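Student: Sequence plus predicted model, see below.
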Amino acid sequence: MTQKNLEAAVVFFVVAGGLDFVDGAVARLRGIASRSGAYLDTILDRYVEGMIFLGMIFLDLPEVILPGVAWVFLAFFGSIVTTYAKAAAKEKELVNQELKGGLLSRGERLGLIFVALGFGIYDPSYMYMTYVIVVIAILANVTAFQRIWSAIRLNR
C-alpha cells in the first residue's frame, strides 16, 4: 500500500511543481501578477514541500547514523531555514536584494525530492531514498549557513 501512496505522491508532486512553474508566468501574461500573489506562491511552496516531508516520516526509513525520521526533519528544517535566511536578511535590511544561491536552492532540492520519491517506489527497503534524504538534509543546512554567512558578509 505504501508503494501506491508514493506513486500518488510523485504524481501530485509533479502536478504541483508544474503548476508552480506556470502560475506566475500566466499571471504576468494576463497582467494580473501582484506582490500578494508572489507572496502566497512562496508560502504555498513551503506547504507543498512540508507535505512531502510529512509523508516521508510515516515510511519505515532505515537508520543511517540517525533514524530516518531525524533525517527527514533535518531536510525539512534546512529547507525552511534556507528560505527564512533569505527573507530575514531582507526584513532586517542586511541586504538590498534577495539572497540567492548556495549548494541546494529550491530547484535542486525539489529535484532531489523527486529522485528520493522515485527510489522509494522501486526500492522497498527505502535505503536509497534515505540516502537521498540524508544528502538533502546536509546540503539544505549547508545552504542555509551559506546564506546566513552571505547576509552577514554583505552587511559589513
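Tutor: Looks like it arrived, so ask away.
Student: Now the helix or strand in which residue 136 is found: buried residues?
Tutor: Assessed by DSSP states H and E, residue 136 sits inside helix 127-155. By 16 or more other Cβ atoms under 10 Å, the buried positions in helix 127-155 come out as 129-141, 143-144, 146-148, 150-151. For glycine as for every other residue, the C-beta is placed from the backbone atoms N, C-alpha and C.
Student: where's it relative to the chain centroid, distance-wise?
Tutor: 11 Å (Cα atoms, centre = their mean, to the nearest Å).
Student: can you check stretch 113-127 too?
Tutor: 17 Å.
Student: pull the CA atoms of it into CSV?
Tutor: The C-alpha trace of stretch 113-127 is given here as CSV (Å, rounded to 0.1, in the frame of the first residue of the first chain):
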residue,chain,number,x,y,z
ILE,A,113,13.0,15.1,-3.5
PHE,A,114,11.7,13.7,-6.8
VAL,A,115,14.7,11.4,-7.0
ALA,A,116,14.1,10.2,-3.4
LEU,A,117,10.4,9.5,-4.1
GLY,A,118,11.4,7.6,-7.2
PHE,A,119,13.9,5.4,-5.2
GLY,A,120,11.2,4.9,-2.7
ILE,A,121,8.8,3.4,-5.3
TYR,A,122,11.4,1.0,-6.7
ASP,A,123,13.3,0.1,-3.5
PRO,A,124,11.1,-1.4,-0.8
SER,A,125,13.9,-1.1,1.8
TYR,A,126,13.9,2.7,1.3
MET,A,127,17.7,2.6,1.7
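Student: got the buried residues for it?
Tutor: Under 16+ other Cβ under 10 Å, the buried positions of stretch 113-127 are 113-114, 116-121, 126.
Student: okay if I get those residues as TSV plus distance to residue 81 and pLDDT?
Tutor: Formatted as TSV, these follow (distance: Cβ to Cβ, whole Å; pLDDT from 0 to 100):
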residue	distance to residue 81	pLDDT
113	16	91
114	21	88
116	19	91
117	22	89
118	26	87
119	25	92
120	24	88
121	29	87
126	25	91
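Student: Farthest pair within the residues you listed?
Tutor: Pairwise distances across the buried residues of stretch 113-127 (Cβ to Cβ) peak at 15.5 Å, for the pair 114 and 126.
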